[in-house]
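Undergrad: task: produce atomic coordinates for the following.
(one chain, ligands or ions: 1)
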Amino acid sequence: NIPDTALARGDFPANFTWGTSTSSYQIEGARHEDGRVDSIWDTFSAQPGRIRDGSSGAIACDHYHRWPEDLDIARGLGTNAYRFSIAWPRIFGAGGVPNAKGLDFYDRLVDGMLERGLQPWPTLYHWDLPQVLQDLGGWMARDIVHRFVDYADVVTRRLGDRVPQWITHNEPWCTAMHGHMDGMHAPGIRDVASALQASHHVLLSHGLAVPVIRANVPGARVGAALSLHPIRPASESPDDIAAAQRHDGLRNRWFLDPLFGKGYPADVLAYIRESMRDAAPRIEAGDLDAIAVPTDFTGLNYYFPEVIAAAPGEGPLHARVVHREGVERTAFGWEVAPGGMAQLLKRIHAEYGPKAIYVTENGSCYDDVVQEGQVHDDRRTSYLARHLAALKDTIGESVPVAGYFAWSLLDNFEWAEGYTRRFGLTYVDFATQQRILKDSGKWYRAFLDGAPAVSKFPQS
Ligand code: PNW
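TA: Below is the predicted model:
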């Protein structure tokens, strides 16, 4: 429930990073402009049945042309940072020669942020792999690791003089598992062994890129952004408890453990070796050391917790997510649980001890409607207020949380859901490209202004 107390920016450390988040394919559009080549999402969204509304990111929010207006919105909120991603297909097409026009775009964008007092927080990979690299095997083929390092090298050489903070990957779980295990995301493959191999190459590419980024960027601060979920068993039965443990192993520890020098979780590896003999990834000597390169922060993308029951025969882990009745959910069906974010932050701090943690995404989707030029999205405001209250509590418990980025600045192309899911603090009318700041955006703005944002919103 919304805390009764006044919550304001002043309750957080003065140097706290406050931002919003977006990603290239979800907002930019301009599919063929200035030498951009196709990404796996252009291919995927052209396949019938992949995207709920049959749409694609070909135009999206037309941010490629409207970025000054969008950065003005971010500044208007009173944020001091903006997280975005760089489109690999704008930087490298065919032939391995960097595309000057693509680099120029991000150069202008970064300068635009700096002019507006927004710290740029770029993510190098937020799922838009050039299709030409997918044709060579994509994340399943080991060579991708070197292509990623080359890409990171070119981009950080160009922007590193103005951008100290770099996020290598957004949500390796999604890249690996939605992309290659359940096939819900591009490239739409359904094969456990491919997914696990892809996850290893994503992590390895992170590990090998970090030293290259440091060499190019004075005072670099580098990390990866992970989507993590609090997991609990559906019952006290030993089978459910074991299933929840395995599920946590693949959802959370599969990424956290190797990044923090613990290698892949032995329980998950053993289970996979037993249940699907050939599915365990091929790991070469030195890989785990490379992945465990020290970083400066961990990014947490937090959306929802999961309840897990044993399910013989289901998936590689014989576990399934249980849909519980009577809990608050967003329009996506995701459970609203602000305490889950606090729980994860404390766990990351206690079990892995990163130097700093940034909430790099957190947000909710609802079926927003425009009424006389306004969007009264009270449930999103309530969601935001309650998550910020939970965040404040963790700082009180000495968890090194240093920033928060709301997902998202704008309604955008929500991957397999197309334009049917709105996550923005800003409403986008995709027919006219008109932007309307929602009530939740106004609430965030009041909060950031230091106005005590005592909530008068319905509790749910
Ligand atoms: C994140 N899950 O995706 C992404 O980083 C964003 O690009 C996306 O728009 C946002 O969350 C909202 O979906 C996720 O199934 C996709 O656990 C799937 C999951 C979590 C996050």
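Undergrad: tell me how many other residues crowd the residue in the chain that the ligand sits nearest to.
TA: Per C-beta to the nearest ligand atom, Ser227 is where the chain lies closest to the ligand, at 4.5 Å. (Glycine included, C-beta is placed from N, CA and C.) The tally of other residues near Ser227 (other C-beta atoms under 10 Å) stands at 21.
Undergrad: what does the one helix or strand it maps to rub up against?
TA: Taking DSSP states H and E as the criterion, Ser227 maps to strand 221-228. Outside strand 221-228, the residues within contact range by C-beta atoms under 8 Å, 6 or more residues apart in numbering are 123, 164-174, 206, 210, 213-214, 251-252, 255-256, 259, 295-303, 344, 348, 354, 358, 360-361.
Undergrad: which ones among the residues you listed map onto helices?
TA: 172-173, 206, 210, 213-214, 255-256, 259, 344, 348 (DSSP state H).
Undergrad: identify the farthest-apart pair in those.
TA: Largest separation among these by C-beta to C-beta: Arg214 and Leu344, giving 27.2 Å.
Undergrad: show me which of these two is the more surrounded one.
TA: Neighbour tally, Arg214 and Leu344, criterion other C-beta under 10 Å: the higher count belongs to Leu344, 22 against 18.
Undergrad: picking that back up, measure the residue of the chain closest to the ligand to Glu33 for me?
TA: Distance, Ser227 to Glu33, by C-beta to C-beta, to the nearest Å: 30 Å.
Undergrad: and what of Val322?
TA: Distance from Val322 to Glu33, by C-beta to C-beta: 45 Å.
Undergrad: the strand holding Ser227 pairs with which strands?
TA: Partner strands and pairing direction for strand 221-228 (DSSP bridges) are strand 165-170 (parallel), strand 297-302 (parallel).
Undergrad: and the closest residue to Asp449 other than its chain neighbours, how close does it get to Arg380?
TA: Take Asp449 and drop its neighbours on the chain: the residue closest to it by C-beta to C-beta, 6 or more residues apart in numbering is Gly78, 5.5 Å away. According to C-beta to C-beta, Gly78 and Arg380 sit 18 Å apart.
Undergrad: next one: Gly418
TA: From Gly418 to Arg380 the distance is 20 Å (C-beta to C-beta).
Undergrad: tell me which of the two has more neighbours.
TA: The residue with more neighbours, out of Gly418 and Arg380, is Arg380; 28 against 17, by other C-beta under 10 Å.
Undergrad: got a list of what the more buried one touches?
TA: 363-364, 366, 368, 425, 438-440 are the contacts of Arg380 under C-beta under 8 Å, 6+ apart.
Undergrad: now the strand or helix carrying it: average pLDDT?
TA: Under the criterion of DSSP H and E, Arg380 resides in helix 378-396. Helix 378-396 shows a mean pLDDT of 96.
Undergrad: near the ligand at all, that helix?
TA: No - Helix 378-396 is not in contact with the ligand by C-beta under 6 Å from any ligand atom; minimum separation 12.9 Å.
Undergrad: export that helix as PDB, just CAs?
TA: The C-alpha coordinates for helix 378-396 follow below in PDB (Å, rounded to 0.1, in the frame of the first residue of the first chain):
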ATOM      1  CA  ASP A 378      -3.300   6.200 -10.700                       C
ATOM      2  CA  ARG A 379      -2.300   2.500 -10.400                       C
ATOM      3  CA  ARG A 380       1.100   3.200 -12.100                       C
ATOM      4  CA  THR A 381       1.600   6.100  -9.700                       C
ATOM      5  CA  SER A 382       0.800   3.900  -6.800                       C
ATOM      6  CA  TYR A 383       3.200   1.300  -8.100                       C
ATOM      7  CA  LEU A 384       6.000   3.800  -8.500                       C
ATOM      8  CA  ALA A 385       5.400   5.400  -5.000                       C
ATOM      9  CA  ARG A 386       5.400   2.000  -3.300                       C
ATOM     10  CA  HIS A 387       8.500   0.800  -5.000                       C
ATOM     11  CA  LEU A 388      10.300   4.000  -4.100                       C
ATOM     12  CA  ALA A 389       9.200   3.600  -0.500                       C
ATOM     13  CA  ALA A 390      10.700   0.000  -0.500                       C
ATOM     14  CA  LEU A 391      13.800   1.400  -2.000                       C
ATOM     15  CA  LYS A 392      14.200   4.000   0.700                       C
ATOM     16  CA  ASP A 393      13.900   1.300   3.300                       C
ATOM     17  CA  THR A 394      16.800  -0.700   1.900                       C
ATOM     18  CA  ILE A 395      19.000   2.400   2.000                       C
ATOM     19  CA  GLY A 396      18.200   2.600   5.700                       C
END
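Undergrad: fine by me, we can end here.
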